[in-house]
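1. one predicted model, sequence on top.
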Amino acid sequence: MAGLRGYPGVMSRRHRYGNGSTHAATAVTVIADVTAVILGLWIVMYLLDANRANDLVHFVQGAARWLAGWSYNLFTFDTVWLRTLLNYGLPALVYLLAGHALAARIRRIEH
């Protein structure tokens with residue numbers, strides 16, 4: 001009777017390979033994490049005065065500006081490094097919290 005659900009010690013295919021909601025939750029988590037990493041990377045590059053003529057720095061800046069577009073210039077402090085930290089750090093935190101909360105909700109759908 002191996003392979004039948006309900007028998008002790010036998011793992012169903014759904015649990016062995018995961019299900020659609022598990023994969024969707026993983027995808028949401030990865031997207032949220034990558035988004036936060038890009039924003040955090042730009043903050044670090046800015047604070048360390050990275051060469052903006054460099055292609056990688058230019059790409060990260062453009063991606064971070066696009067990702068933080070909804071909060072761009074939300075804070076207008078005179079201190080430039082603090083303004084950059086908050087204008088890009090807040091979206092990173094929002095993406096992390098919202099993405100992980102959504103992933104947790106998706107995982108609960110199937111269980």
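-> Nice, thanks for sending it over. Numbering: from 1, shown residues only.
2. who are the packing partners of the helix or strand hosting residue 36?
-> Using DSSP states H and E, residue 36 sits within helix 20-47. Contacts defined by 3 or more CB pairs under 8 Å, 6 or more residues apart in numbering; DSSP states H and E place helix 20-47 against helix 55-67, helix 80-110. C-beta coordinates here come from the backbone N, C-alpha and C atoms, glycine included.
3. where among those helices is average confidence lowest?
-> Note on these: helix 80-110 shows the lowest mean pLDDT, a mean of 93.
4. quick revisit: out of the helices and strands packed on helix 20-47, nearest to residue 74?
-> Nearest of the helices and strands packed on helix 20-47 to residue 74, taken as CB to CB: helix 80-110 at 5.9 Å.
5. okay, the angle between the closest one and helix 55-67?
-> Helix 80-110 runs at 70 degrees relative to helix 55-67, counting by axes from the mean of the first three to the mean of the last three CA atoms, to 10 degrees.
6. residue contacts, residue 29?
-> Contacts for residue 29 (CB atoms under 8 Å, 6 or more residues apart in numbering) come out as 99-100, 103.
7. residue 84 versus the residue nearest the centre of the chain, what's the distance?
-> A centroid search over the chain (CA atoms, centre = their mean) returns residue 32, at 1.6 Å, as the residue closest to the centre. Using CB to CB, to the nearest Å, we find residue 32 at a distance of 21 Å from residue 84.
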